[in-house]
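**Q** 3D, please:
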Amino acid sequence: MLTTMNPYSFVEQDFIWVGEYIDGTCLPEYDFETKKRQDFYALQRNKLVRFGLVGHGMKLYYEVGGGFFKLNGQVYELVYRSDGKEYYLTGQFAPYNDVITYKDAEAWANLSRSDETKFPSRITAYNFGYKVKLQVDGVKFNFKPIVSIPYNKPAYFDITLVADRDLDGCLVIKKNGTEIAEFHAPLRAGVGGRLKWNIRW
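**A** The predicted structure is shown next:
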């Protein structure tokens, strides 16, 4: 469904989220026929195979089996490398089904006015991803990658990683199987590390 559906929003919103199920059906943010908004908490997470956003001619989603991100036809993997070992944060045999999606918004107000004038808000970014607990080669990780699509700025990954032990390593980003970025990312046990990286389409 996500791989074949029209990559444009059909409501007055630039992107909509879509959850695709194992039986080929899906739950979109807005009903295809009635255009009524649907409840994110109605997603059947144990049946999800894909989750992401469609809009502006793009399909941006991740595979629940493995947690790989597929962004505009490109596959992104995330790996933590330390002391010659590679801890694959994507591609593990774990359900990556704790989905996250939210919108950043802003509103303007004139605080010098005493009336109750309502000011319109506007969406400034669309975000989606997941959080997952992993055990990789004896190390426990809490991993939360979010893809953010802001207005008039480059899209980026916002990656949070926590390990249960001290590690002096690097966060590696792969695109279509090829390493395209590496960042020194030492971790202290139980303390979250965070990285923002502009996506290279």
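**Q** give me the nearest residue to T124, chain neighbours excluded.
**A** Nearest residue to T124, sequence neighbours excluded (C-beta to C-beta, 6 or more residues apart in numbering): D104, at 4.7 Å. Every C-beta, even on glycine, is put in place using the N, C-alpha and C of the backbone.
**Q** residue contacts, the one you found?
**A** I123, T124, A125, N127, S148, P150 (C-beta atoms under 8 Å, 6 or more residues apart in numbering).
**Q** and it, which of the three is it?
**A** strand (DSSP: H, G, I helix; E, B strand; the rest coil).
**Q** give the contact list for the residue nearest the centre of the chain.
**A** By C-alpha atoms, centre = their mean, the chain has its centre lying nearest to G129, at 2.2 Å. Contacts for G129 (C-beta under 8 Å, 6+ apart) come out as Y62, V99, I100, T101, K144, P145, I146, V147, D158.
**Q** one more: K175?
**A** Q74, V75, Y76, R200.
**Q** which strand residues bridge it?
**A** Y76, T178 (DSSP bridges).
**Q** with L171 instead?
**A** Per DSSP bridges, residues listed as beta-bridge partners of L171: Y80, F183.
**Q** so who does it touch?
**A** By C-beta under 8 Å, 6+ apart, the neighbours of L171 are L78, V79, Y80, R81, I159, L161, E182, F183, A185, L195.
**Q** show me what the helix or strand hosting the last one is packed against.
**A** If you go by DSSP states H and E, L195 is part of strand 193-198. Other elements packing on strand 193-198 under the criterion 3 or more C-beta pairs under 8 Å, 6 or more residues apart in numbering; DSSP states H and E are strand 156-163, strand 178-184.
**Q** let's see 7 Å
**A** strand 156-163 (3 or more C-beta pairs under 7 Å, 6 or more residues apart in numbering; DSSP states H and E).
**Q** all helices for this structure, in order.
**A** Assigned by DSSP state H, the chain shows no helices.
**Q** show me which strand runs longest in it.
**A** The longest strand of the chain (DSSP state E) is strand 139-150.
**Q** pLDDT weak spots in this protein?
**A** 111-118 (pLDDT under 70).
**Q** and L195, how far is that from G169?
**A** The gap separating L195 from G169 is 12 Å, by C-beta to C-beta, to the nearest Å.
**Q** more crowded one of these two?
**A** Neighbour count, other C-beta atoms under 10 Å: between L195 and G169, G169 has more, with 21 against 17.
**Q** show me what contacts the closest residue to the more buried one other than its chain neighbours?
**A** Nearest non-adjacent residue to G169, counting by C-beta to C-beta, 6+ apart: S82, 2.9 Å away. Taking C-beta atoms under 7 Å, 6 or more residues apart in numbering as the contact definition, S82 lies against L167, D168, G169.
**Q** does the second one touch H184 like I think?
**A** No. Look at D168 against H184 with C-beta atoms under 7 Å: they stay out of range, at 8.4 Å.
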